[in-house]
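S.K.: Give me coordinates for this.
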Amino acid sequence: MKEVIDAGLPDVGQPFSWAVRSGGILFTSQGPVRKDGSIDTGPIEDQTRLTLRNLQAAVEAAGGTLNDVAQVLIYMTDVNDMKAIDAVYREFFTAPYPSRSSAAVAALVVPGMKVEIVAFGAVDK
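M.R.: Down below sits the predicted model:
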């Protein structure tokens, strides 16, 4: 049975949940979304930091910590942003790091949005 986790983010009018737990696994997708529903379209460092704060809030709302995150998928619109994303990522994650894949994509759903992160973790109740 799946359980929607309230990550403290607004309903943006699309058919998805910010975080869902099923079978002890947390599934979450995060972007640079502010509490008021607006999207940060500023520098990649700011977008990444906000995205990772949202991820951390979702994991904590499910009763876990970022140490429980096992897999991270990063989507970015400019592969040249990887170095800056990595620098901010290290503010949130320490070794041993989650398994990770990163990919450059043509665009994300909101113009100016430069990063989106999908994460999976083992977070039991």
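S.K.: Can you show me the helices along the chain?
M.R.: Along the chain, the stretches classed as helices by DSSP state H are 44-61, 82-92.
S.K.: Find me the pLDDT at the closest residue to V110 other than its chain neighbours, would you?
M.R.: Closest residue in space to V110, ignoring its immediate chain neighbours: I39 at 4.7 Å, by C-beta to C-beta, 6 or more residues apart in numbering. C-beta coordinates here come from the backbone N, C-alpha and C atoms, glycine included. You'll see I39 listed with a pLDDT of 95.
S.K.: same deal with the one 10 residues further on?
M.R.: R49 is assigned a predicted lDDT (pLDDT) of 98.
S.K.: so who does the residue nearest the centre of the chain touch?
M.R.: Residue closest to the mean C-alpha point of the chain, counted by C-alpha atoms, centre = their mean, is Q30 at 3.3 Å. Listed by C-beta atoms under 8 Å, 6 or more residues apart in numbering, the contact set of Q30 reads 18, 51-52, 54-55, 58, 116-119.
S.K.: Most neighbours among the residues you listed, which one is it?
M.R.: Neighbour counts for those, by other C-beta atoms under 10 Å, peak at A58, which reaches 28 neighbours.
S.K.: Alright, I will stop here.
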